[in-house]
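Colleague: Model the following, please.
(chains A and B)
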Amino acid sequence: MFRALLRNLLRRRQVEHDLDQEVRTYADMLADEKARSGMPRTEAERSARIELGGIEQVKEQVRASRTGAWLDILAADLRYALRTLRRNRGFAAVTVLTLALCIGANAALFSAVNVLLLRPLPYKDAERLVYVTEFWPHEPYVPGPPSPDFTNWRAHSQLIQQIEGYGGGGDVTLTTGGDAERIAGTSVTAGLLDMLGVQFALGRNFVPEEDRPGAPAVVILGYRLWQRRFSGSTDVVGRQIELDGVGRTVVGVLPSSFAFPDNNFSHQLLIPIGLDPSPGWHEQSLRLLRVMARLKPRVTRDAVHAELLELIRRQASEESPQFVTMRKDMEVRLIPLRERLAGDIRPALLVLQAAVGLVLLIGCLNVANLQIARGIARRKEMALRTALGAGRARLTRQLLTESLLLSLLGGGAGLALGYWALSLLRTFLPPNLHLADGIRIDPVVMSFTLAIAIMSGVVTGLAPVLAATQTRLDETLKEGSSRTTEPGSHHRLHRALVIAEVAVAMVLLAGSGLLMRSFVRMASLDPGFDPNGLLTLRIALPARKYATDQSRAAFLSQLLERAAAIPGVRDAAIGGALPLIGGRVRAGTWVDGRPAPPLGGRPSIPVTGVSLNYFETLRIPLLDGRAITEADRDSSPHAVIVNRAFADRFFPGEDALGRNITFGGSKDLNQIVGIAGNVRQDGLRIAAEPAIYVSYRQIPESEIVLVLRSGLQQAALAATASGAVRAIDPDVPIYDVATMRDRLAEALSTQRANMVLMGMFAALALLLAAIGVFGVIAYMVNRRSLEIGIRMALGAQKTDVLKMVLGHGMILALIGIAIGLGGALAATRALRTLLFEISPSDPWTLAASAILFAGVATAACYIPARRAVRVDPMTTLRHD
Amino acid sequence: MPSENTDLLPGTLDLLILQTLSLGPQHGLGISRRIEQITGGTFRVMPGSLFPALHRMEEQGWLDAEWGESETNRKAKYYGLTKSGRRRLGIEKGRWDKVALAIRSALEAR
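Modeller: Numbers count the residues shown, from 1 in each chain, chains lettered A, B, ... in the order given. Take a look at the predicted model:
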């Protein structure tokens, strides 16, 4: 067998010669036989050939049965395909480009889907990890379980293998190895990293002895911080670094691949959380945690959920009355880790992947259409090859080889395009999506790309196979003119594909229209302040140095003075938090004189310390009353300002001005002197909630935002302002410097990313569908030029012909658009979660998309129609 | 393609060729005529099936081929049975007997 294969491949010429000789001898001997029986020699030879059934056909059948025949055939097919494509460069280029664009977009998006939704998470046995949280309906801002619940679960759960916690409060100022720098750190229990299966780049994890109150101060560095601040030196382990003015010993460095299993927390720097081993329900030792647990094997989430709730119930008697009130109707929630990490982006990813899949479908339909058109033009070639001995299977293989060659070229180019598209896609993903760091074109993505390329090749190759192998040999060869009408079946297939293309593109266009309108809606929302010309800088006062209210207030007033003195700065203000910046402190609030609710039953309202000109600087309107003034300093009761939402909630139908309120632990009265406009504080999607503003002197916070209004160039101003802060105290870090406009754009970024990506896909789909319509009409005009010529010779007007051609195209387009609108009504429901204040079946959007599409289709038909009427009928008629 | 080709049961062509060649080497037309003769004209093997079969069986090592002079002085390729070809003939015969017996008893079963 193997020898035969070698012989067939290496001694091809000899083998072919022998075969030819053998078959010819057979024919000659057959003729000899016939001649012997009395037939004239020439007649005998003819009869022998007929009986043989054609020397070439017999040879071809032998070749096909040989060992390694498929290799031969493949090589021949490939050579032939390359030759054919070289002769049709335009066709080949359009096909490869179309497929490259579609496949590239699919590859890029799939690489994100793969990492975020499909591939196992980069943690040990991640499928058994769950995020455990609590929801208190009366205190919806509680971020996670309090420490007593955590220690209770840890001590008593039978179904959980391991339970660990982490939390905020890890933001620190690093002063070793460069300027004072504010770093988002996370505090973790000692076992968290072991539970996740982290292999350290250097050093080790925390040990339990380091995770206690008053334990030796230690720290683990994230890979990037280690590279950036300590230039990746290996002797960093064991060194002391200065954090918030306290020395901490570095015990380990995280690997570069590590991603913290919670997007709201950073892995730049980790410190032990140091929980009280037996915390009580009093506010001093109680901490609100984020909790992650590893379930025991074969344990369901439901069972664990029931167990955790039961454990809380068993220890409920230890809760202080205030927590009993706050925790009324509380829920425990177990969330799979993947949902926690990628749940927010999942709907968008799925919609976009579906969209890009549809774009590929349109691309394939387009290529199939081109192939059919070419297949019809190649009917003679096919017939000739059949006559020369090629079987139907062989022709099919030939056509499939051609389209596979095209699709693989397209796939290769698409992969290259995918690399580029991926870097673009990354800029569209939310910046804190930790898993996104792992997105790359890996072997899985390459296999996916190869698979869709082959699939496209088969799909686009089948259409011309259907068209080419149905034709009858003799009729095709006899056919004289190539410009009469051809069999109806080709036409029908051709048209059906164009209609399908238009319909699918219409769905995408409608979807993109909805996202565009959502974006516009969101972007045109009134944030409640004027973001133009505002520069914001965050500042953190080191806790040791600024331990008292007086020291902080002194720093802040000095800061305000210096900032206002910067030339070109019109207004300078500070706030404990600003719209879209920083977390606000909440305090249980009540109206003085009303019957007090049970302990813990006072609503938590954000209280923000601001400078006197805060409202002027941000241009937040003062709706009623007056601003806080210098005269209110040290006044009793304190003068405070509330927003409209506060007045509406606490004083519906009453006048809020002059009323006294209390908040927090203090018994001090606060008098409402003014009512400010509502501000969208926590993002554009979230409506304003009640808020209290007090003078920063009343609550001098250590983390504050400096905001400057000016007409200056922002980068230069940022440098000057930083200089002003450092001039007061060089140890105070300035961080997160950005203009308000940039922060607003950031708040819109998800909505914008969805809109832009979907828009790009829809534009590609529209273009491809337009090319499809153009192609089918141009082809029709070409094939029917004789008919058009006759019509015009018989007196048809140019406008009649124009109308006829346009009509043909528009019927196809309109059928497609109608089907597409139906599809859009069904499909855009999937968009619901991505939309903002717009219905998925918004009639205006659907109508506008349909009209846009009809316009593009008309243009696509108009070009070939114009060409049809410009033809001189005499030239056409004389052609044959 | 030649459609007047007499239907052969799958596998019978190989058996007939092997049987024919067991009597001595023969060229293509000779094989074809001999099969016609020994089956009493029931089977006429057309070159479109004959040559692929011969080449396939040669590649499998059942046949060997040699160029020789025909009775009419034409240069023809003569096929002969190899040792493994003889073994194959035995196997094919045994299988055919089994099939024939099975079909017969199936047809006679009432």
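
Colleague: quick one, domains of chain A?
Modeller: Per automatic domain parsing, the structural domains of chain A span A:2-67, A:137-329, A:346-523+A:749-878, A:546-730.

Colleague: list the contacts for A:Leu852?
Modeller: A:Leu509 (Cβ atoms under 8 Å, 6 or more residues apart in numbering or on different chains). Every C-beta, even on glycine, is put in place using the N, C-alpha and C of the backbone.

Colleague: tell me the SS of it?
Modeller: helix (DSSP: H, G, I helix; E, B strand; the rest coil).

Colleague: Extract the residue ranges of chain B that are flagged as low pLDDT.
Modeller: For chain B, applying pLDDT under 70 flags the ranges B:1-11, B:110.

Colleague: list the contacts for the residue nearest the centre of chain B?
Modeller: By Cα atoms, centre = their mean, chain B has its centre lying nearest to B:Ile17, at 1.5 Å. Counting by Cβ under 8 Å, 6+ apart, B:Ile17 makes contact with B:31, B:35, B:50, B:53-54, B:57.

Colleague: what ranges do the strands span in chain B?
Modeller: B:26-27, B:63-69, B:75-81 (DSSP state E).

Colleague: burial measure for A:Glu837, as a count.
Modeller: Number of residues near A:Glu837 (other Cβ atoms under 10 Å in any protein chain shown) recorded here: 10.

Colleague: Quick check, pLDDT for A:His491.
Modeller: A:His491 carries a pLDDT score of 69 in this model.

Colleague: Report the buried residues of the lengthiest helix in chain B.
Modeller: As assigned by DSSP state H, the longest helix anywhere in chain B is helix B:83-108. Residues B:85, B:88-89, B:92 are the ones in helix B:83-108 that count as buried (16 or more other Cβ atoms under 10 Å in any protein chain shown).

Colleague: angle of it against strand B:63-69?
Modeller: Here the directions of helix B:83-108 and strand B:63-69 differ by 110 degrees (axes from the mean of the first three to the mean of the last three Cα atoms, to 10 degrees).

Colleague: Compute the inter-axis angle for helix B:83-108 and strand B:75-81.
Modeller: 70 degrees.

Colleague: now the strands of chain B as JSON lines including mean neighbour count and distance to A:Tyr419?
Modeller: Listed next are the strands of chain B as JSON lines, based on neighbours: other Cβ atoms under 10 Å in any protein chain shown; distance: least, Cβ to Cβ, whole Å:
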{"stretch": "strand B:26-27", "mean neighbour count": "20", "distance to A:Tyr419": "62"}
{"stretch": "strand B:63-69", "mean neighbour count": "14", "distance to A:Tyr419": "55"}
{"stretch": "strand B:75-81", "mean neighbour count": "20", "distance to A:Tyr419": "57"}
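
Colleague: for the ones you listed, which one sits closest to A:Val251?
Modeller: Taking Cβ to Cβ, strand B:63-69 is the member of the strands of chain B nearest to A:Val251, at 79.2 Å.

Colleague: any residues touching that closest one, and which ones?
Modeller: B:21, B:25, B:27, B:54, B:57-58, B:75-82, B:85.

Colleague: Next, give me the two most distant ones among these.
Modeller: Between all members of the contacts of strand B:63-69, the farthest pair (by Cβ to Cβ) comes out as B:Lys75 and B:Gly85, at 23.4 Å.

Colleague: on that earlier part again, want to throw the buried residues of helix B:83-108 into CSV with distance to chain A?
Modeller: Converted to CSV, the buried residues of helix B:83-108 look like this (distance: Cβ to the nearest Cβ, whole Å):
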residue, distance to chain A
B:Gly85, 15
B:Arg88, 14
B:Leu89, 19
B:Glu92, 18
